[in-house]
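1. Predicted model, plus sequence, below.
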Amino acid sequence: MYEIGVNPWVWASPVDDAALADLVPRIARFGFDAVELPIEQPGDWDPARTRDLLTAHGLTAAGVCAVTPPGRDLVDATPEVVEATRAYLRGCVDAAVAVGAPTVGGPVYASVGRTWRMSVAERAACYADFRRALTPVADYAGERGVAIGVEALNRYETSVVNTIEQTLDLIDGLPPNVGLMIDTYHMNIEEADPYAALAVAGSHIKHVQVSGTNRGAPGADHLDWPRFLAVLTTTGYRGAVCIESFTPDNDTIATAASIWRPLAPSPDRLALDGLAHLRGILG
């Protein structure tokens, strides 16, 4: 029913042409169907070369991950920062078109790690600012057949949106190609009932990322994966389900994702165990 994909962040950061040349054959050999492609910096990987590499190994591009380090913000930011962030997101859309990926997803509202308290009125204004800032990018993506998945993060990584309900409020009124990117790691922290939240997300889901509740392999954790995937099938979502975790070997990304210890005996083991668990449930 679902392609199963993996993000090369499991092994490497940055994900560039050299990393993909090394990892794509391994990902295909392991039995994955798809690859999720992050863009930390524009130009890290060549879209045409990446498309050909994926095709040569029988893989599809599940989606492009937008990355928001300090300085990539659409809310509570200067006009110059907002426009630079829009330009980055349009570049992500162009890359998605070139590799055949259906979505660009991520916490596209603000840089990861930015948190500030907001009153009800301030939050409403923040959300309105986001909708105004994202609309030109959403229109650009829609004209090219690309969806945008907005990802809620846990409370330690953002104060803008932490739950499905908040994210639906955030995107209300935006074009229909804007929806949600689901991430089980953040849902485990923030949702009182992640299975009910997934059902509420429903037809708004544009992309799905999965990991264990400790960022390790799906299945080596306490999430009820058969239940989660059963609910997912009721939403109408038919895109890829992609394992996302992070290498502990890159100081910047490990610090950003709070990876303080190995999450599996090896990155290969994390990917293989997660794939086997998901495949065993999905068939």
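-> That came through fine.
2. what ranges do the helices span in the stretch 101-250 of the chain?
-> With helices called from DSSP state H, counting those that start in this stretch, the stretch 101-250 of the chain shows them at 120-143, 164-171, 184-190, 194-201, 225-234.
3. tell me what the second one is packed against?
-> So the one you mean is helix 164-171. Judged by 3 or more Cβ pairs under 8 Å, 6 or more residues apart in numbering; DSSP states H and E, helix 164-171 is in contact with helix 120-143, strand 147-151, strand 178-183, helix 194-201. For glycine as for every other residue, the C-beta is placed from the backbone atoms N, C-alpha and C.
4. Let's have these in TSV, adding mean pLDDT, mean neighbour count and distance to R49.
-> TSV is the format used below for these (pLDDT from 0 to 100; neighbours: other Cβ atoms under 10 Å; distance: least, Cβ to Cβ, whole Å):
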stretch	mean pLDDT	mean neighbour count	distance to R49
helix 120-143	98	16	23
strand 147-151	98	27	24
strand 178-183	98	26	25
helix 194-201	98	19	34
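5. Serialize the ones you listed to a markdown table and add fields for distance to P226.
-> Shown next, in a markdown table, are the helices and strands packed on helix 164-171 (distance: least, Cβ to Cβ, whole Å):
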| stretch | distance to P226 |
| --- | --- |
| helix 120-143 | 34 |
| strand 147-151 | 24 |
| strand 178-183 | 17 |
| helix 194-201 | 11 |
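6. what's the closest of the ones you listed to R215?
-> Nearest to R215 among the helices and strands packed on helix 164-171 is strand 178-183 (10.4 Å), distances taken as Cβ to Cβ.
7. Figure out which of the helices of the stretch 101-250 of the chain is closest to S266.
-> Across the helices of the stretch 101-250 of the chain, S266 has its closest neighbour in helix 184-190 (19.8 Å, Cβ to Cβ).
8. what about G31, how many neighbours?
-> 12 (other Cβ atoms under 10 Å).
9. quick one: contacts for it?
-> Listed by Cβ atoms under 8 Å, 6 or more residues apart in numbering, the contact partners of G31 are 275, 279.
10. could I get the helices of the stretch 101-250 of the chain as JSON lines with distance to A96?
-> Formatted as JSON lines, these follow (distance: least, Cβ to Cβ, whole Å):
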{"stretch": "helix 120-143", "distance to A96": "8"}
{"stretch": "helix 164-171", "distance to A96": "18"}
{"stretch": "helix 184-190", "distance to A96": "22"}
{"stretch": "helix 194-201", "distance to A96": "21"}
{"stretch": "helix 225-234", "distance to A96": "22"}
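11. follow-up on the earlier one: which of the helices and strands packed on helix 164-171 sits closest to P69?
-> Among the helices and strands packed on helix 164-171, strand 147-151 sits nearest to P69 (Cβ to Cβ), with 14.9 Å.
12. Alpha carbons of the closest one, as PDB, please.
-> Output of strand 147-151 as PDB, limited to C-alpha atoms (Å, rounded to 0.1, in the frame of the first residue of the first chain):
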ATOM      1  CA  ALA A 147       2.500  20.000  -2.400                       C
ATOM      2  CA  ILE A 148       3.800  21.700   0.700                       C
ATOM      3  CA  GLY A 149       3.700  19.700   4.000                       C
ATOM      4  CA  VAL A 150       3.900  21.900   7.100                       C
ATOM      5  CA  GLU A 151       5.500  20.000  10.000                       C
END
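13. For it, which strands pair with it and how are they oriented?
-> If you go by DSSP bridges, strand 147-151 pairs up with strand 103-106 (parallel), strand 178-183 (parallel).
14. out of those, nearest to A147?
-> Nearest of the strands paired with strand 147-151 (Cβ to Cβ): strand 103-106, 4.6 Å.
15. pull the CA atoms of that closest one into PDB?
-> Taking Å, rounded to 0.1, in the frame of the first residue of the first chain, the C-alpha atoms of strand 103-106 are listed here in PDB:
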ATOM      1  CA  THR A 103       6.100  17.300  -1.800                       C
ATOM      2  CA  VAL A 104       8.300  19.800  -0.100                       C
ATOM      3  CA  GLY A 105       7.900  19.500   3.700                       C
ATOM      4  CA  GLY A 106       9.300  20.700   6.900                       C
END
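16. Noted, bye for now.
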